[in-house]
Structures are given as structure tokens and as C-alpha cells.
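**Q** compute the structure for the input listed below.
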Amino acid sequence: MGPRRGSAALTGSPVLIGAVTTLVTIVAVFLAYNANNGLPFVPTYNVKAELPNAANLVKGNEVRIGGERVGTVSDIRPVHHSNGVDTAVINMKLEKRVEPLPKDSTVLVRPRSALGLKYVEITPGRAGSGYAAGSTIPLSQARPIPVEIDQVFNMFNKPTRLGQQRSLQGFGDALAGRGQDLNEAILALKPLFRDLQPVAANLAAPRTQLKQFFPALERAASITAPVGQTQADLFGNLDTTFTALASVARPFIQETISKGPPTLDTVTAQLPQQRPFLRNLTGFMRELRPGVAVLPRTAPILADALTAGAHSLPETPPMNRQLESTFRHLQSFATDPLVPKGVNQLNHTVSSLKPTLAFLTPAQTTCNYVTLFLRNVASLLSVGDTNGTWQRFIIIATPAGPNSETGPSSGPANGPTTDNHLHANPYPNTAAPGQTQECEAGNETYAAGKTVIGNVPGNQGTLTEGQVKK
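**A** Okay, the predicted model is just below:
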């Protein structure tokens, strides 16, 4: 059987073969040109997404889910809102197999390389409902814009770039020929990484809440931002302070630091032993408070006593030498076996006199009567001549009337004249225990036209002659 006629006609026509080849080439070029926008006649799942910024996206950029390409960006257009904010809306042609995207899916523009290429990353959610074809993913589902590499580079001005260049050069010079040392350092780091593993596990644990650390740092930075200039001044002042300290850093500060650990060891060992002393000191200070409270009033008296003591103390050594024999006799007296018996009797006597002394003591300590009595006794015989002194006195005539004090009477003088009234107070109050707190003797007011026997009504106070009113 001979060859078919049609086949021979097709292969035998160079024009027809050239036309078919040209058509195939045109179709291949067309498909290659439109490959970034998806193959023709292939059904797609079209959705839109609103972004705060297109972030240098261009048509044809990939759309990925979990790192796998699932579509392309077919269109990008800006949108101006009434509040003055500009956003971007992108159209995405996705493969039908990802339809529908859950409602809680998120969109993020990420860099593909350091040269500026970008792609759109979709993180599907777990919502039960999804976006229908032609729907728009709202701006609320767009994640914050990541920091672009050009923004990072823009942070470094010319001095910073020069400093980095010199740092890299210095690192290169420092590491040159240090291969063996680096290998030994890496070997020495092995225990560090072994111990670092549980630390990293602890940081990664949910209970550590490490993810809240950096937001907390952000809040702290925002709080301290208003006082940034104050903090800057602080570092400037610290520089001034440390510059001044540099002049005494060695040997003074250095010796202080070197002696610090032994001092801390000594303090750690000795402070527990000081606790009884501190407790006793606390009790002593508590008991000292009443004395300290009256110290402002007694300080002038104490100052006068110290002044007098300063003049008297230099004279005490001769007196002390003269008292030596006295103290020796006192020592022999104290060692006499009969002395304790006498001391016991004396103690018994003092104990018996204690109520009497307690009753009589305020007469001097409060009313100053003993001092007044001795003063009056001294002045009683202070007048005289070469032959001696005599007692000073004056006769006061008693008032006349019934039962007057000029003679025997059947009762206390009780008038009828204003002066013929008896005033007798045989036991005046002297601020003794059980009595009114007053110095009545010598302070009674004369009640004209009244007979007063016993204590005078009212409180006469505690101020007597020769005392200073407080």
C-alpha cells in the first residue's frame, strides 16, 4: 500500500510547514507573556484585598499560601477615603482549589528578596464561612506593614556608614589569622549552648509570656518619650560625673572596689552578732525618750553644769589623792561582817521612812519650802553689831471683838467687825500624795469678813517665792 496522499501533501508544502511553525511560536510567546497573569482559558478564583499600603507591589507579583504559589496580583489601584486616608486595593487571581478563603484569613505584603521584589502572603483562618468570588478582604485583616530593607538602610547616615565600614575593617583585621583561636572559642562555647537549651525552652514556654515582653518595652518607651530630653541631660550629667571620678579612679575607687568583697564577708558574718546589741539599743532609746523630751528645757542647766565641771575637774586630782585613805577606810568598813547587819537595819529604817519621805519630798521638789525655810532662818539673825546678832520681829496687834485672839475665847472669832475673823490653816496642802496639787502654805489669799479654818477654797498653784514661772 502506498503512502497517504494527504500526508504527502502536508510535508511536501514548505509554506504550510512555515505557517504552522509561525503559529506555534506566536502561541508560545503569547502564553509566555501572559504566564504571570495566569494561563488563558483556565478558571480562577478572583478576590480583592484592601491594604494600608501597596508596599511597592506590581502587577504579576505572586500570591502565596504557606510558601506555595497559588495566584498572582492582577491589578493595583489607590483609594482615597473621606477622612483623608489613602489605602490600596489589589485584585488577586487565585487557583480554584483555595476557594473559598475563610473570613478570618489575613493578608501581608512580604519582601521576596533584598532587591525589592515582593509577594502577597495569605494566612488562611479557621472560620466556617468564606469570601465569595469578587469579595474584598477588609483592611482589618491586613497585618502591619513589615519594615522594608530600604527603610533599614535609610537609618544609617554617612557618619554611621563610615563607622560601620571601619568597624568591619577592624573586625576583619582582628579575625585575620585567628582561625585556630576561633575554633577553640567555638569548642569552648559548647557548654554554653548545652546550658542555653533549657533557658531557651523556659523562654519559649507559654507561662513565660515572652511575646508580651516587647509590647511592654514599646509601652515603656512611649511612656518615657516625654522625658527623653531629661534622660539625655541625665547621661550628659553622668558623663560629667564620671569624668570627675576618673581622676580618683586609681587607686582610691579601685581600692574601694577591691576591698568591697572582704568587707561584705565581714559584715555578713558580724551583723547577726550585732542583733542583741541593736535590740538593747532599741530598748535604751525607747527609755531615753522621756529624758530627750525634757532636754530642750534642761539643756541650759546641763550646759552650766558642764561649764562648772570644766573648771572643777582640774582640781579633782589632789582631792582624789586625799580621798585615797578615806576609800581605804571605807573598804575596810564595807568588809566588816557587822556592816551588813547595820545596812539591813538602815534599809529597814529607810523603808519605814519611805511613806514619810514620799509625803514630805514634794514640799521641796514642788513647793521649794525647805529652801525658803533655810533662807528665812538665815535672815532671821542677819542684823546685829560687834557684840552679836539679834532676832528680827515685829508685833502685830490682833483685832478686838468677841472671841478675838487677844485672850481666851469660847469659839472662833467670827465678827462682827470685818477684821475680827479667824483664819487658821494648820495643815496646808504641799502637793503631797493624796493632796490637791498646790503649794498652799504662804499662798493663801486673805478672805476679808469671812472665817476660814482649814484649806482655802480653790487651787493656789505651785509657784512660791524664788521660783521662776514656766
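**Q** how far away is residue 331 from residue 339?
**A** According to CB to CB, to the nearest Å, residue 331 and residue 339 sit 11 Å apart. Placement of C-beta: from N, CA and C, glycine included.
**Q** what's the closest non-adjacent residue to residue 359?
**A** Nearest residue to residue 359 in three dimensions, chain neighbours excluded: residue 432, at 4.6 Å (CB to CB, 6 or more residues apart in numbering).
**Q** pretty sure that neighbour sits in a helix.
**A** No: in this structure, residue 432 is coil, not part of a helix, as judged by DSSP: H, G, I helix; E, B strand; the rest coil.
**Q** that one: neighbouring residues, count only.
**A** Residues near residue 432, counting by other CB atoms under 10 Å, number 16.
**Q** look at residue 331 and residue 339 and report which has more neighbours.
**A** Comparing residue 331 with residue 339 by other CB under 10 Å, the one with more neighbours is residue 339, at 13 against 10.
**Q** just checking, that one touches residue 333?
**A** Yes: judged on CB atoms under 8 Å, residue 339 makes contact with residue 333 at a distance of 6.1 Å.
**Q** which strands or helices does whichever helix or strand residue 277 is part of pack on?
**A** In the assignment (DSSP states H and E), residue 277 maps to helix 275-312. With contacts defined as 3 or more CB pairs under 8 Å, 6 or more residues apart in numbering; DSSP states H and E, helix 275-312 has no helix or strand neighbours.
**Q** just the buried positions in the helix or strand just after that helix, please.
**A** Using DSSP H and E, the next helix or strand after helix 275-312 towards the C-terminus is helix 316-334. When burial is assessed from 16 or more other CB atoms under 10 Å, helix 316-334 yields no buried residues.
**Q** alpha carbons only: can I get helix 316-334 in CSV?
**A** The C-alpha trace of helix 316-334 is given here as CSV (Å, rounded to 0.1, in the frame of the first residue of the first chain):
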residue,chain,number,x,y,z
THR,A,316,39.9,66.9,141.4
PRO,A,317,43.3,65.0,141.2
PRO,A,318,44.6,66.5,144.5
MET,A,319,41.2,65.8,146.2
ASN,A,320,41.3,62.2,144.8
ARG,A,321,44.7,61.7,146.4
GLN,A,322,43.4,62.9,149.7
LEU,A,323,40.4,60.6,149.4
GLU,A,324,42.6,57.6,148.9
SER,A,325,42.8,57.0,152.7
THR,A,326,39.1,57.6,153.0
PHE,A,327,38.2,55.0,150.5
ARG,A,328,40.6,52.5,152.1
HIS,A,329,38.8,53.0,155.4
LEU,A,330,35.6,52.7,153.6
GLN,A,331,36.8,49.5,152.0
SER,A,332,37.6,48.1,155.5
PHE,A,333,34.3,49.3,156.7
ALA,A,334,32.5,47.6,153.9
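**Q** run the chain-centre distance for that helix.
**A** Relative to its parent chain, helix 316-334 has a centroid offset of 61 Å by CA atoms, centre = their mean, to the nearest Å.
**Q** re the thing from before, what angle sits between the helix holding residue 277 and helix 316-334?
**A** 120 degrees (axes from the mean of the first three to the mean of the last three CA atoms, to 10 degrees).
**Q** ok, residue 43 touching residue 94?
**A** No: look at residue 43 against residue 94 with CB under 8 Å: they stay out of range, at 10.7 Å.
**Q** show me this structure divided up by domain.
**A** Per automatic domain parsing, the domain ranges recorded for the chain read 34-153, 181-246, 336-383+390-470.
**Q** could the ones you listed go into TSV alongside distance to residue 18 and mean pLDDT?
**A** As requested, the domains of the chain are exported to TSV (distance: least, CB to CB, whole Å; pLDDT from 0 to 100):
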stretch	distance to residue 18	mean pLDDT
domain 34-153	25	83
domain 181-246	66	88
domain 336-383+390-470	136	83
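**Q** any idea how far residue 233 is from residue 69?
**A** Counting by CB to CB, the gap from residue 69 to residue 233 is 55 Å.
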